Structures are given as C-alpha cells and as structure tokens.
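Novice: next input, structure requested:
(one chain, ligands or ions: 1)
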Amino acid sequence: MTLRIEIDDLAKYFGAIKAVDGVSFSVSKGEVLGFLGPNGAGKSTTMKMITGFLTPTRGTVRVCGYDVLTDPISVKAHLGYLPEGAPAYADMTPDGFLKFIAEIRGIKGADRRRAVDSAAERARITNVMYQPIETLSKGYKRRVGLAQSILHNPPVLILDEPTDGLDPNQKHEVRTLINEMAEDKAIIISTHILEEVHALCTRNVVIANGKVKFDGTPQELESKSRYYNAVVVNVANIEQNAFETFLKSLPFVAQVEPVEGAGFRVYPKDGQQITAELSEKIRENGWSIDALHAEAGRLDEVFRSITMPNTGAKN
Ligand SMILES: Nc1ncnc2c1ncn2[C@@H]1O[C@H](COP(=O)(O)OP(=O)(O)OP(=O)(O)O)[C@@H](O)[C@H]1O
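Specialist: Just a heads-up that it's a prediction; the model follows:
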C-alpha cells in the first residue's frame, strides 16, 4: 500500500466556528475515499486545506510525502482539484481555459496539446471545446472542471461533489471516468449521494461538526442504517392483522411495522438478510406475494444514526 494522502489532527477555526476540528485519516493508491457528512460538516474546508487553498489552524497534510505548508508547490504538482461549482473564466472556451491551466502548470508545446486533448477526451468534452464556458450546460461546465483537474495526470485527485448538477447519464459517465482512473491514483470525493458510495468508493469517512465520526467500508457504513436489510412485504390473499401476527412469529424477525398502503416493513434480527427465507415462509402458507423488496438505505438517515446516536436510530 502506497500512502498518498496523510492527514493528521487537521483543524480550521473561523473565529468561534470550529469548521474542522482534529481530523485524521490517510488514503493510499487505488483507494477512492468517499468523504461524507451533512451540510456544514466541514468537508469543503478539509478539501481546501488538503489542496493548499486554506491554511490550517492546526495539524498537517502530506501529499505524496510533501507537506502542504512547507512544500505547497510540490503538493499542487501532485494533485488535481475539482472545487465546488463551475470553473471561473466563464468567457473562455474549454480549449482556451485548459491551455491556460496547462501553461500555469508548466506544460508546453506539443505536450500541452497532448495534455489538453487527452483530458478533454477523458472528460467527454471534445464536442464543446470552442464554445464559451458560460454558454455550456451545468453538466458540461462540471466536466470542464474535471478535465482541468486531470490535465497533468496527477497521482492524487480531490473532487468536491464531482457529479453535482449532472443528469443521470452524465452522472454515470463521470462515475465511469473516476472508476477508470481509480487504479493508479488516490482519490477523495465528497458526495451526498448514497448510490455513489456503492458505485465509486472503496472506503468512507464521515465527518460531522468538524470531527471524524466513522471510517470504514461502504458496507459497514450502510449497516449503520436502521433500515439495513429491512424488507417491505405485501401479500394479496390474507387479512392484514393475521399477516402481521404471522410476520412477528417468525424467528428471524426483530420488528414489524405497517407501511402506508404497501404492507409491512420487517426488520431482521442481527441485521441478517431475510428476503429469501421470508418469501419461502410466505409461499409455504399458499399466499401470493404482491411486493417484496429489500429496503434501500438512505444516506441522510445513516448520517443521523452516526451523528445522533441517542435519537432512537441504530448506532
Ligand atoms: N470562510 C468562512 N468563514 C466562516 N465560516 C466558514 C467559512 N467557510 C466555511 N465556514 C463554516 O464552516 C463550517 C463547515 O463548512 P464547509 O463548507 O466545510 O462544510 P461542508 O461539509 O462542505 O458543507 P456542504 O455539504 O453544505 O458543502 C460551516 O459552519 C460553514 O458555515
């Protein structure tokens, strides 16, 4: 495992606001770290400190072994950063903007053309290269930002909500691009989208109120949800009260609650998978199943259970 990003006791205070308060984690080559948390948790502030755009109040950041405070130029050379929102320089074309960024990064001559063409191709923007950025759709603007971040083929990528504002097809394309790049880079992405946690991330760090609340795999994260492996089930040819009693009598069921117009939500004992067993028991009774599906976890609900463990949510 090659450590590419090392963050130790990182903090940023804005007056009395502790935006980031003692965050530590590291990211290795081949990892895509999903950096998650509710609004105002401190994600963007952390990313800005990793990329050298904000000076920490306390703590250290090392990128490929270079300290962001003492060696900011080496850090910037080794990382690509997609900030929130759209690129500045709205009156430039993507071609002009990318050439300009290449120039700043010291990429010249034939190398510059090659770097611009390759980044444009990977970010799928070759068809809009000569159109002013301000006239592009939100999705294309986002992809121009992404092209900028990978222009110098950096070993480390920091992407702040890379799929924000994209339609489902564009989201899919950007996720594919990130997956393509994942093998030989260390990547941090911030996101609000649970689907992305599964589609992209090998590991997740959740922060809230500037502190790390969780560091683990996507599966471990999802298991924090009270809906983890819960099943919603409805049958046609049995009276509802009798069906509820039957469900509660099953040995692998912890809890049953009615779902408005859709039967019952069944919570498993010990978070186990119960879909197959449950459908078998129902069929044994000769009832026909109208609906039976595992509950999809919800990221906001997972955040709640991690950050507010005393509200009845699972912890
Ligand atoms: N320049 C600043 N001056 C004062 N407070 C700030 C500044 N930047 C951020 N904050 C505060 O720091 C906290 C963390 O903000 P940050 O933008 O890092 O959160 P976030 O997790 O990225 O949120 P979101 O998901 O909404 O983008 C918030 O309370 C925010 O208001």
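Novice: pLDDT below threshold where in this structure?
Specialist: Along the chain, segments meeting pLDDT under 70 span 1, 86-87, 296-297, 309-315.
Novice: can you rerun that using 50?
Specialist: Filtered on pLDDT under 50, the chain yields the residue ranges 311-315.
Novice: residues of it that sit close to the ligand?
Specialist: 14, 17, 19, 37, 39-45 (C-beta under 6 Å from any ligand atom). (C-beta placed from N, C-alpha, C; glycine too.)
Novice: switch the cut-off to 8 Å
Specialist: Counting by C-beta under 8 Å from any ligand atom, the chain comes close to the ligand at 12, 14-15, 17, 19-20, 37-48, 84, 160-161, 190, 192, 207, 210.
Novice: narrow these to those in strands?
Specialist: Using DSSP state E, the members of the residues of the chain next to the ligand that fall within strands are 12, 14, 17, 19-20, 160, 190, 207.
Novice: buried among those residues? Need that as a selection in PyMOL.
Specialist: To isolate the buried members of these in PyMOL, using 16 or more other C-beta atoms under 10 Å:
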select buried, resi 12+19+20+160+190+207
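Novice: make JSON lines out of the ones in strands among the residues of the chain next to the ligand and add distance to L250.
Specialist: Shown next, in JSON lines, are those (distance: C-beta to C-beta, whole Å):
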{"residue": "K12", "distance to L250": "51"}
{"residue": "F14", "distance to L250": "53"}
{"residue": "I17", "distance to L250": "50"}
{"residue": "A19", "distance to L250": "48"}
{"residue": "V20", "distance to L250": "46"}
{"residue": "D160", "distance to L250": "46"}
{"residue": "S190", "distance to L250": "41"}
{"residue": "I207", "distance to L250": "39"}
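Novice: for the ones in strands among the residues of the chain next to the ligand, which one is nearest P218?
Specialist: Taking C-beta to C-beta as the measure, S190 is the one of these closest to P218, at 14.9 Å.
Novice: show me the contacts for D300.
Specialist: P38 (C-beta atoms under 8 Å, 6 or more residues apart in numbering).
Novice: sec struct for the nearest residue to P72 once chain neighbours are set aside, please.
Specialist: Nearest residue to P72 in three dimensions, chain neighbours excluded: G52, at 4.6 Å (C-beta to C-beta, 6 or more residues apart in numbering). Classification of G52 using DSSP: H, G, I helix; E, B strand; the rest coil returns coil.
Novice: N241 now?
Specialist: helix.
Novice: likewise for the one 5 residues further on?
Specialist: Secondary structure of F246, reduced to three states by three-state DSSP: helix.
Novice: and the gap between it and E239?
Specialist: 10 Å (C-beta to C-beta, to the nearest Å).
Novice: and E6, which of the three is it?
Specialist: Under three-state DSSP, the three-state class of E6 is strand.
Novice: touching, it and Y66? I think so.
Specialist: No. The criterion here is C-beta atoms under 8 Å, and E6 misses it with Y66 at 10.3 Å.
Novice: all helices for this structure, in order.
Specialist: Assigned by DSSP state H, the helices in the chain fall at 43-50, 72-78, 94-104, 109-122, 138-150, 168-182, 194-200, 218-222, 240-249, 275-284, 299-307.
Novice: TSV for the ones you listed, including distance to L33?
Specialist: What follows is these, written out as TSV (distance: least, C-beta to C-beta, whole Å):
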stretch	distance to L33
helix 43-50	11
helix 72-78	16
helix 94-104	25
helix 109-122	21
helix 138-150	16
helix 168-182	11
helix 194-200	10
helix 218-222	11
helix 240-249	39
helix 275-284	31
helix 299-307	16
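Novice: out of the ones you listed, which is closest to V232?
Specialist: V232 sits nearest to helix 275-284 of all those, at 10.4 Å, using C-beta to C-beta.
Novice: that closest one - contacts with which helices or strands?
Specialist: Counting contacts by 3 or more C-beta pairs under 8 Å, 6 or more residues apart in numbering; DSSP states H and E, helix 275-284 is packed against strand 231-235, strand 289-294.
Novice: try it again with 10 Å
Specialist: Judged by 3 or more C-beta pairs under 10 Å, 6 or more residues apart in numbering; DSSP states H and E, the packing partners of helix 275-284 are strand 231-235, helix 240-249, strand 253-258, strand 264-268, strand 289-294.
Novice: neighbour-wise, which of F246 and E239 wins?
Specialist: F246 (17 against 8; other C-beta atoms under 10 Å).
Novice: outline the domain layout of this protein.
Specialist: Domain ranges of the chain: 3-215, 231-296, per automatic domain parsing.
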